[in-house]
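Peer 1: no sequence for this one, just the structure:
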């Protein structure tokens, strides 16, 4: 079990450098000191302090791959992996998800697609944690079916006038702006565009924050747009090419999901083994029973397979190569595996696993989202079936 306790074991993956190791140590310390001690209370309260975004920004977490011109560090995907995997030490899926929306779902899209003017306006305050970003794609009538979205943006002189509704929006209730998907053309995937939408815009409102099974400290909101007028200069990317921009952006989202699942699964095993060393049954530490030793050995084997699969996808992404098949496989494999790992780790705690006294119960609850968000497991299988022409 020593292999999962030492970061140095990751040295066998050639993409990681000493700089990445320092990122790991910094983020771990931040998580253990600033997040983990408060995670259970924030779940009860249904939110975590906005100030946490500022503290994360001070460590450079939102600008890891952003160009230094905009306040970022200009690092690579391996640096992102070091950051995301270390976020498991927060024992808070809510905070990890909220940060990921900022660092890996919205800001990279702005840097990739935005004009110089848009980057100058939106990137620096977001990298610094002054502004909070959200991604507005999902709607009540179609989660994974992006092509069916109905929020409309009609042209009116030099403006776009937006009306519609969004649902399941992480950071939605306190976002300063959205990367928003709207319909600007014909029905279907060819009529979708992306816009940058400041939430101070007149006609915008936040409905109820959704009550969820897990990720309870993350504000997941319902958003309404009533004749909201924004300048056309906030069009992000090409008009009516938004669907393709989203598909490209989803690759990063799915890769980050796989990285988080690997780290959280590994963290769960660590929690279970530590508990199993202290808890005895029939005068024997629980972790010494063969059933648990064999089960954890199996999970560690599967995690190792998932890690190589995910790092292969990450390496392709880092080199700018097409990785749809590899990323989809990694997302499917790691998210499904996380369900099994956290279930068994929770079982090892017995009755205490069904409480929030230990982090494992909250972890098990939070992990359930990952086979649904960023495209369900069923959608992943459909993509792979097309990729491999099954």
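Peer 2: Alright, I've got the coordinates. Because the structure is predicted, anything quoted here is derived from the model rather than measured. Numbering: from 1, shown residues only.
Peer 1: buried ones in the biggest helix by length in the chain?
Peer 2: Among all segments of the chain classified by DSSP state H, the helix with the greatest residue count is helix 242-278. Judged by neighbour count using 16 or more other Cβ atoms under 10 Å, the buried positions of helix 242-278 are 242-243, 245-246, 249-273, 275-276. Any C-beta I mention is one placed from the backbone N, CA and C, and that applies to glycine too.
Peer 1: C-terminal to that helix, what's the next element?
Peer 2: Per DSSP states H and E, the first helix or strand lying C-terminal to helix 242-278 is strand 280-281.
Peer 1: so for that following strand, what's the average pLDDT?
Peer 2: Per-region confidence: strand 280-281 scores 92 on mean pLDDT.
Peer 1: over to stretch 42-61?
Peer 2: Taken as a whole, stretch 42-61 carries a mean pLDDT of 97.
Peer 1: ranges for the helices of the stretch 1-150 of the chain?
Peer 2: With DSSP state H, counting those that start in this stretch applied, the stretch 1-150 of the chain shows helices at 18-30, 39-45, 51-58, 77-86, 93-100, 107-113, 116-127, listed in chain order.
Peer 1: let's have those in CSV, adding mean neighbour count and distance to residue 303.
Peer 2: Converted to CSV, those look like this (neighbours: other Cβ atoms under 10 Å; distance: least, Cβ to Cβ, whole Å):
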stretch, mean neighbour count, distance to residue 303
helix 18-30, 17, 17
helix 39-45, 16, 23
helix 51-58, 17, 26
helix 77-86, 25, 12
helix 93-100, 25, 18
helix 107-113, 21, 27
helix 116-127, 18, 32
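Peer 1: residue 238 is nearest to which of those helices?
Peer 2: Residue 238 lies closest to helix 107-113 among the helices of the stretch 1-150 of the chain, at 8.3 Å (Cβ to Cβ).
Peer 1: so which elements touch the closest one?
Peer 2: helix 116-127, strand 192-198, strand 235-236, helix 242-278 (3 or more Cβ pairs under 8 Å, 6 or more residues apart in numbering; DSSP states H and E).
Peer 1: list the contacts for residue 340?
Peer 2: For residue 340, the residues meeting the contact criterion (Cβ atoms under 8 Å, 6 or more residues apart in numbering) are residue 299.
Peer 1: okay, now the unreliable bits of this protein?
Peer 2: Regions of the chain meeting the criterion pLDDT under 70 cover residues 1-12, 142-144.
Peer 1: mind splitting it into its structural domains?
Peer 2: With automatic domain parsing as the criterion, the domains of the chain are listed as 2-131, 134-240, 243-387.
Peer 1: the nearest residue to residue 318 once chain neighbours are set aside and residue 102, how far apart?
Peer 2: With Cβ to Cβ, 6 or more residues apart in numbering as the criterion, residue 318 has its nearest non-adjacent residue at 4.0 Å, and that residue is residue 77. Per Cβ to Cβ, to the nearest Å, residue 77 is found 17 Å from residue 102.
Peer 1: nearest to residue 338, of the helices of the stretch 1-150 of the chain?
Peer 2: Among the helices of the stretch 1-150 of the chain, the nearest to residue 338 by Cβ to Cβ is helix 93-100 (10.6 Å).
Peer 1: quick one: list the elements packing against that closest one.
Peer 2: helix 39-45, helix 51-58, helix 242-278, helix 359-367.
Peer 1: can we see that at 7 Å?
Peer 2: Helices and strands touching helix 93-100, as assessed by 3 or more Cβ pairs under 7 Å, 6 or more residues apart in numbering; DSSP states H and E, are absent.
Peer 1: can you give the contact residues for that helix?
Peer 2: The set of residues external to helix 93-100 that reach it, using Cβ atoms under 7 Å, 6 or more residues apart in numbering, is 35, 42-43, 48, 52, 56, 61, 84, 87, 90, 170-171, 214-218, 256, 260, 366.
Peer 1: next, the angle from that helix to helix 359-367.
Peer 2: 50 degrees (axes from the mean of the first three to the mean of the last three Cα atoms, to 10 degrees).
Peer 1: hmm, residue 324 and residue 387 touching each other?
Peer 2: Yes: using Cβ atoms under 7 Å, residue 387 and residue 324 qualify as a contacting pair, with a distance of 6.4 Å.
Peer 1: between these two, which is the more surrounded one?
Peer 2: Residue environment comparison for residue 387 versus residue 324 gives the larger neighbour count to residue 324, 18 against 13, counting by other Cβ atoms under 10 Å.
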